[in-house]
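Enquirer: output the structure for:
(3 chains)
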Amino acid sequence: MGERKKVNLSSVVALRTECDETLPQALASLKYTESFTVVDTRLALGLLSVAIAGGLYYYEKKFGDDLKDLFYYYLLLGGVTTFFVLNGLLYLHAQYVQKNTKYVGYNKDKKVVIGTSTKNATTPVYDVEFKVGDSPVAKDSISFSELFTEDGYLKLDSYIGFIKKNLEKVSKKST
Amino acid sequence: MNLRQQLIQGLNIAMVVCSAFMFWKGLALVTGSSSPIVVVLSGSMEPAFQRGDILFLWNRNQYVDVGDIVVYNIKEKEIPIVHRVMREHKVIPEVKTKKRSARSKKPVHEPGKVRQLLLTKGDNNPTDDLPLYAYGQTYLDREDDIVGKVMGYIPKLGYVTILITENVYFKYALLGLLGLSTLLQKE
Amino acid sequence: MFSALQRFQGISSNVITAAIWISLFVALSSYAQLYLNEFRSLPAVIDHVKAVTTLKYSRGFGSRNREPKENSRIAFDLTADISDLFNWNTKQVFVYLTAEYEGQPSIPANKVTFWNKIITKKEDAVLNLQKERSSFSVWDVEDSFRQRNASLKLEWNIQPHVGLLLWGENKGSYELTFPEVKGSSSAST
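Expert: A predicted model of the protein is given here:
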């Protein structure tokens, strides 16, 4: 991840997105390796459903669109149902598994999960949740003004410092 | 990670397109009609329908009734026609022992099954649709030719699709607007 | 430009939402009103029906290979008041006179339209027709009507400005028998 991007300081969403996208780099410097299981599950579900839709589209292009053809009818029924079931699973996964999680990583068998959010589009505060191993979730907040320069660039050292401080605090609480 | 990010972005776009397609197909399954929502293209049903009106079809009824407004296809022709049923005759055709050539695209009919034959006419046309049917065809077959019966109606909303297909300037103007809005939305 | 686009998006989504709710309200309320007015069944009187059966030999009258095909025309009186079918959501009412008669596989198997009319205003909804002529010459799928009995009914289709299309018919019917071919044998017109 090369040069830093200039971020629009008046957009809370842009500020949060920039921080989220820097998480992997920050945690790599703290000697964590990222785990992609959550993201990969979503990708798999998503790609599978797109593949089903594409397959149905291809079949229709090749063999026509006759609903009276029982084979095509049941194929379509199965495909459409599976597609929406998969999308339902994706939604549930986002609500209950992924939630706010923006980073999952490991350091010597200690699993770290970091979730981020902002209260609304007008409050420039970065709310972060930290969980190490099986510790309880620790919350901390930091104003974006402490993380960004006046020109709109993320201060990497401040960011890494914020994360490091919280991780150490939480690590003490886990077994 | 770059590959993943690209996959995620590509997936989001693909998902929007696929969801729309799947929703359309789902609607086709529920209504039993291969084209459950149609836009009126001609003025042959005025003053009831105008060009650009949107019609909602249902095709799960065994028979249609005289007075119903149906959408039908003439075999081999692309454009669906929306007209009113003027006459219906239920018949059981005689079993023909004539062999059909392998290339014949005529649908296979169950022997002994009642077929509903229909004659249609546009409200705004002076005569019935006989001249529109295929050569040698004197009636429509409910099962073979009818795409669905019109159940619901929304005026004028579909005119955008007519403009897109018929007016080249409008199509490019709309595409330009879409491109412009996606560029401006990038945060 | 950035905020103007957002404002446009906000306004247009509000307008679209409002339009959807209004359409739903109009469609549902007009259906309820018509339902209470029993749109499906209204009284109407069909009377003094005179039918004529002639033989036709051209394709435009149902003849195949120049074989004789029985065609039927009628003249009738009609008294009907369908003003109850008109409300704020009625775009037009399509009224039509149908004849239903038995046929080959089931009873009834055949239904034909003899006459129709489009009514767009409530003021025109009181029909008092005398000796009205059928709009079309009607033929059966068979070559002959075989002097079958038919039930004549007045039916209508209510076309809304937005919402469901509705159908109804009058109570009762007029019984008609298809007459023999006029003049018999080879009289063609």
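Enquirer: please name the nearest non-neighbouring residue to B:Phe170.
Expert: Among residues not flanking B:Phe170 along the chain, B:Leu163 sits closest, at 4.3 Å (Cβ to Cβ, 6 or more residues apart in numbering or on different chains). Every C-beta, even on glycine, is put in place using the N, C-alpha and C of the backbone.
Enquirer: how about B:Val30?
Expert: Distance criterion Cβ to Cβ, 6+ apart; nearest residue to B:Val30, sequence neighbours excluded, is B:Pro36 at 7.7 Å.
Enquirer: can you give me the neighbour number for the one you found?
Expert: By the other Cβ atoms under 10 Å in any protein chain shown criterion, the neighbourhood of B:Pro36 contains 23 residues.
Enquirer: ok, C:Val138 next?
Expert: Neighbour tally, C:Val138, other Cβ under 10 Å: 25.
Enquirer: which stretches of the chain have low pLDDT?
Expert: Reading this off chain A. In the predicted model of chain A, residues A:1-3, A:173-175 satisfy pLDDT under 70.
Enquirer: wrong chain, I was asking about chain B
Expert: Across chain B (using pLDDT under 70), the flagged ranges come out as B:1, B:95-106, B:181-187.
Enquirer: buried residues in the longest helix along it?
Expert: In chain B, with assignment by DSSP state H, the single longest helix is helix B:2-31. Judged by neighbour count (16 or more other Cβ atoms under 10 Å in any protein chain shown), helix B:2-31 contains these buried residues: B:7, B:11, B:14-15, B:18-19, B:21-22, B:25-29, B:31.
Enquirer: so how many other residues sit close to the residue nearest to B:Phe170?
Expert: 16.
Enquirer: surely it and B:Tyr172 touch.
Expert: No: look at B:Leu163 against B:Tyr172 with Cβ atoms under 8 Å: they stay out of range, at 11.4 Å.
Enquirer: about what we covered before: and the residue nearest to B:Phe170, what are its phi and psi?
Expert: Backbone geometry at B:Leu163, expressed as degrees, to the nearest 10, gives phi -60, psi -40.
Enquirer: quick check: phi and psi at the residue nearest to B:Val30.
Expert: Torsion angles at B:Pro36 (phi, psi; degrees, to the nearest 10) stand at phi -70, psi -20.
Enquirer: who touches it in this structure?
Expert: Applying Cβ atoms under 8 Å, 6 or more residues apart in numbering or on different chains to B:Pro36 gives the contacts B:Trp24, B:Leu27, B:Ala28, B:Val30, B:Phe56, B:Leu57, B:Asn59, B:Gly148.
Enquirer: strands of chain C, start to end?
Expert: Applying DSSP state E to chain C gives strands spanning C:41-42, C:44-56, C:69-81, C:90-101, C:110-119, C:126-133, C:138-139, C:149-160, C:163-164, C:166-170, C:174-177.
Enquirer: what sits against B:Gln116?
Expert: Going by Cβ under 8 Å, 6+ apart, B:Gln116 touches B:Tyr63, B:Val64, B:Glu88, B:His89, B:Lys90, B:Asp141, B:Arg142, B:Glu143.
Enquirer: any idea which helix or strand carries it?
Expert: Taking DSSP states H and E as the criterion, B:Gln116 maps to strand B:115-121.
Enquirer: same check, this time on A:Arg16
Expert: Secondary structure from DSSP H and E places A:Arg16 in helix A:12-29.
Enquirer: and that helix, does that touch chain B?
Expert: Yes: Helix A:12-29 is in contact with chain B by Cβ under 8 Å from any Cβ of the partner chain, via A:Val13, A:Ala14, A:Thr17, A:Pro24.
Enquirer: what is the burial count for the second one?
Expert: This means A:Ala14. Counted with other Cβ under 10 Å, residues neighbouring A:Ala14 total 17.
Enquirer: hmm, it is touching A:Asn8, no?
Expert: Yes: counting by Cβ under 8 Å, A:Ala14 touches A:Asn8, with 4.8 Å between them.
Enquirer: just to revisit the earlier point, what about the residue nearest to B:Phe170, distance to chain A?
Expert: As judged by Cβ to the nearest Cβ, to the nearest Å, B:Leu163 and chain A stand 26 Å apart.
Enquirer: state the distance from the residue of chain A found nearest chain B to A:Leu89.
Expert: The nearest approach of chain A to chain B comes at A:Ala53, 3.7 Å away (Cβ to the nearest Cβ). Per Cβ to Cβ, to the nearest Å, A:Ala53 is found 15 Å from A:Leu89.
Enquirer: tell me the contacts of the residue nearest the centre of chain C?
Expert: Among the residues of chain C, the one closest to the centroid is C:Tyr96, at 3.1 Å (Cα atoms, centre = their mean). Each residue near C:Tyr96 by Cβ under 8 Å, 6+ apart is listed here: B:Val66, B:Gly67, C:Thr113, C:Trp115, C:Asn116, C:Lys117, C:Leu154, C:Glu155, C:Trp156, C:Asn157.
Enquirer: what about the residue lying closest to the fourth one once chain neighbours are set aside, how many residues nearby?
Expert: When you say that, I think you mean C:Trp115. In space, and not counting its chain neighbours, C:Trp115 is closest to C:Leu97: 4.3 Å by Cβ to Cβ, 6+ apart. Look at C:Leu97: counted by other Cβ under 10 Å, it has 25 neighbours.
Enquirer: go on, the one 4 residues further on?
Expert: Per other Cβ under 10 Å, the neighbour tally for C:Tyr101 reads 21.
Enquirer: thinking it is in contact with C:Ala150, fair?
Expert: Yes: using Cβ under 8 Å, C:Tyr101 is in contact with C:Ala150, at 4.0 Å.
Enquirer: shared neighbours, these two?
Expert: Contact criterion Cβ under 8 Å, 6+ apart; residues shared by C:Tyr101 and C:Ala150: C:Phe178.
Enquirer: which residues touch the most centrally placed residue in chain B?
Expert: By Cα atoms, centre = their mean, the mean C-alpha position of chain B lies nearest to B:Ser35, the distance being 4.0 Å. Neighbour list for B:Ser35: B:Ala28, B:Leu57, B:Val71, B:Pro80, B:Val147, B:Gly148 [criterion: Cβ under 8 Å, 6+ apart].
Enquirer: quick one, phi/psi of it?
Expert: With angles defined as degrees, to the nearest 10, B:Ser35 sits at phi -140, psi 80.
Enquirer: chain B contacts on chain A?
Expert: A:8, A:11, A:13-14, A:17, A:24, A:34, A:36, A:39-40, A:42-43, A:46-47, A:49-50, A:53-54, A:56-57, A:65-68, A:73, A:76-77, A:79-80, A:83-84, A:87.
Enquirer: now stretch A:21-36: how far from the chain's centre is it?
Expert: 13 Å (Cα atoms, centre = their mean, to the nearest Å).
Enquirer: stretch C:166-182 now?
Expert: Relative to the centre of its chain, stretch C:166-182 is centred 13 Å away, using Cα atoms, centre = their mean.
Enquirer: pLDDT averaged over that stretch - what is it?
Expert: Across stretch C:166-182, pLDDT averages out at 91.
Enquirer: buried sites along it?
Expert: Within stretch C:166-182, the residues scored as buried using 16+ other Cβ under 10 Å are C:Leu166, C:Gly168, C:Glu169, C:Asn170, C:Ser173, C:Tyr174, C:Leu176, C:Phe178, C:Val181.
Enquirer: so the fifth one touches C:Ser151, yeah?
Expert: Spelled out, that is C:Ser173. Yes: C:Ser173 sits in contact with C:Ser151 when judged by Cβ under 8 Å, with a separation of 4.1 Å.
Enquirer: how about the residue in chain B that chain A sits nearest to, what does it touch?
Expert: Going by Cβ to the nearest Cβ, chain A is nearest to B:Cys18 of chain B, at 3.7 Å. B:Cys18 is in contact with A:Ser49, A:Val50, A:Ala53, A:Gly54, A:Phe83, counting by Cβ under 8 Å, 6+ apart.
Enquirer: count the residues that sit near A:Val96.
Expert: Actually, residue A:96 is Tyr rather than Val. A count of nearby residues for A:Tyr96, using other Cβ under 10 Å, gives 8.
Enquirer: phi, psi of it?
Expert: Its backbone dihedrals place A:Tyr96 at phi -110, psi -20, with angles given as degrees, to the nearest 10.
Enquirer: name the residues that touch the very next helix or strand once past the longest helix of chain B?
Expert: Remark: after helix B:2-31, the chain's next helix or strand is strand B:37-39, criterion DSSP H and E. With contact meaning Cβ under 8 Å, 6+ apart, strand B:37-39 is reached by B:27, B:52-57, B:71, B:80, B:82, B:147, B:158, B:161-162.
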